[in-house]
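Undergrad: Attaching a predicted model along with its sequence, questions to come.
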Amino acid sequence: MPEDFRFNLEEIAGAIGDYGTLLPIIVGVAVVTEINMSSILFFFGLAYIANGIYYKLPMPVEPMKAIGAVAISGALTAGEIAAAGILMGLILLLIGIFGGIDIIKKHIPEWLIRGIQFGLTLILLETALSFMIDDWFIGLLSIAIILLFFFIKVLDISSLIVFGLGLIIGIYYSGIPPLTFISWPEFTLPAIAEFRTGFWSGTIPQLPLTLGNAVLATSLLITDLFERKVSENKLVVSMGLMCIISSPLGGFPMCHGAGGLAAQYRFGARTGGSNIISGIILLVIAFFFASPEIIEIIPYGVLGAMLFFTALQMFQSAIITDKKILMIITGFLAFITNIAVAFIVFFAFHQVLKHLNISGL
């Protein structure tokens with residue numbers, strides 16, 4: 001029987017494996033909006049620990065990417081982000097309470113979920129390259145270090161090495177980040193107008209992405225990697241609770257995600273211990289170092305290299321389908337538009353195929 005919790009170098013390496021997707025969005029949101037980064041990190045830390053204890057598996061906790069992208073573009077205020085998160089939480093809890101995800105799952109084919117994984121692979125690769133293009137030397141050095149662990153039979157702590165290298169380089173050029181104590185969360189209820197904007201600009205584009213990637217694709221990837229079953233309903237409920245609790249208290253809407261899980265697994269996470277370790281790290285930063293400087297000292301070449309190998313892990317799951325043409329087309333549409341659009345388009349396409357009694361390609 002596999003262990004539920006371990007606290008060794010593998011789990012520590014896996015604990016920071018998802019920071020390549022977590023940190024850039026957090027920094028972007030904190031810089032553009034009025035949301036305090038200490039509050040964001042505080043709730044992420046608590047959520048990581050709670051999910052690790054509950055699932056007894058590596059379970060990523062990520063910022064909701066569609067809401068994050070809109071927020072970083074300047075189209076959402078702090079109040080509107082809170083409103084979008086509260087509404088997402090309510091919708092997810094309703095889906096979970098009434099078993100709606102089981103109904104949704106019956107109408108979504110596996111190739112569509114794999115297509116979303118492939119689309120996420122392409123998005124992660126593009127992001128990785130964009131991170132490394134202006135920091136190519138550190139990026140290539142980080143990739144070389146990670147690759148080295150493929151060919152030598154030792155414990156893979158490559159993420160710890162490249163992350164530590166990045167911190168050393170960042171501190172050398174930028175200095176030690178200032179000590180900044182946490183600003184305690186305060187409850188704020190958004191105004192009606194903020195709920196309206198948050199729903200249309202945040203919740204609506206996020207919902208298909210959450211159902212496709214954070215629920216269905218994550219559940220499928222857990223089965224692929226751990227040969228264990230975590231019900232989609234549990235994932236829906238835990239995400240709903242995270243959003244409901246954190247959003248009105250200055251946090252950022254949170255979800256799970258197949259990309260984050262692939263990153264944790266790639267760098268060594270195998271138990272809930274990795275989540276607990278990751279949560280403790282984030283809480284320490286939230287309490288004492290929650291300024292943009294602490295994140296910005298990490299070279300983007302390091303984050304890009306970690307994202308690059310996360311994408312490769314995701315690709316290995318995406319290709320596990322007997323309908324690769326549909327999977328590839330879905331993935332490319334997700335890449336050139338966004339995951340929500342691809343999900344809606346090919347969900348409708350699948351319904352047409354079913355109506356015409358065509359089994360697919």
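TA: Cool, the structure landed.
Undergrad: In the protein, where is pLDDT below threshold?
TA: 1-2, 20, 28, 31, 73, 154-155, 292-296, 359-361 (pLDDT under 70).
Undergrad: If we ignore the residues flanking it in sequence, what's nearest the most centrally placed residue in the chain?
TA: In the chain, the residue lying closest to the centroid (C-alpha atoms, centre = their mean) is residue 62, at 3.6 Å. Spatial nearest neighbour of residue 62, excluding adjacent residues (C-beta to C-beta, 6 or more residues apart in numbering): residue 257 at 4.5 Å. To be clear about C-beta, it is placed using only N, CA and C from the backbone, and glycine gets the same treatment.
Undergrad: Near the one you found, how many other residues are there?
TA: 29 (other C-beta atoms under 10 Å).
Undergrad: give the contact list for the residue nearest to the centre of the chain.
TA: 18, 21-22, 25, 214, 254-257, 259-260 (C-beta atoms under 8 Å, 6 or more residues apart in numbering).
Undergrad: Can you tell me how far it is from residue 300?
TA: Note on residue 62: its distance to residue 300, by C-beta to C-beta, to the nearest Å, is 18 Å.
Undergrad: same deal with residue 357?
TA: Counting by C-beta to C-beta, the separation of residue 357 from residue 300 is 50 Å.
Undergrad: Could you do residue 215 as well?
TA: For residue 215, the distance to residue 300 - C-beta to C-beta - is 30 Å.
Undergrad: Compare these two (neighbour count), which wins?
TA: For residue 215 and residue 300, the more surrounded residue by other C-beta under 10 Å is residue 215, and the numbers stand at 29 against 22.
Undergrad: ok, that one to residue 316 distance?
TA: Using C-beta to C-beta, residue 215 is found at 20 Å from residue 316.
Undergrad: again, but for residue 245
TA: Distance from residue 245 to residue 316, by C-beta to C-beta: 34 Å.
Undergrad: Equivalent analysis for residue 163, please.
TA: Applying C-beta to C-beta to residue 163 and residue 316 gives a distance of 23 Å.
Undergrad: same question, residue 206
TA: In terms of C-beta to C-beta, residue 206 sits 26 Å off from residue 316.
Undergrad: who has more neighbours, the two?
TA: The neighbour comparison of residue 206 against residue 316 (other C-beta under 10 Å) goes to residue 206, with 27 against 15.
Undergrad: which SSE is residue 53 in?
TA: Assessed by DSSP states H and E, residue 53 sits inside helix 37-55.
Undergrad: now residue 236
TA: Per DSSP H and E: residue 236 is located in helix 232-246.
Undergrad: Dump that helix to CSV, keeping only the CA atoms.
TA: Extracted as CSV, the C-alpha positions of helix 232-246 are listed here (Å, rounded to 0.1, in the frame of the first residue of the first chain):
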residue,chain,number,x,y,z
GLU,A,232,-14.5,14.5,-10.2
ASN,A,233,-17.1,15.4,-7.6
LYS,A,234,-14.5,15.7,-4.9
LEU,A,235,-12.4,18.0,-7.0
VAL,A,236,-15.4,20.2,-7.8
VAL,A,237,-16.3,20.6,-4.1
SER,A,238,-12.8,21.3,-2.9
MET,A,239,-12.4,24.0,-5.6
GLY,A,240,-15.7,25.5,-4.7
LEU,A,241,-14.7,25.7,-1.0
MET,A,242,-11.4,27.3,-1.8
CYS,A,243,-13.0,30.0,-3.9
ILE,A,244,-15.8,30.7,-1.4
ILE,A,245,-13.5,31.0,1.6
SER,A,246,-10.6,32.9,0.0
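Undergrad: And for that helix, what's in contact with it?
TA: 43, 47, 51, 54-55, 61, 85-86, 88-93, 95-97, 99, 101-102, 105, 210, 214-216, 218-219, 251-256.
Undergrad: These in helices, which ones?
TA: Counting by DSSP state H, the part of the contacts of helix 232-246 found in helices is 43, 47, 51, 54-55, 85-86, 88-93, 95-97, 101-102, 105, 218-219.
Undergrad: for this structure, which helix is longest?
TA: In the chain, taking DSSP H as the definition, the longest helix is helix 110-132.
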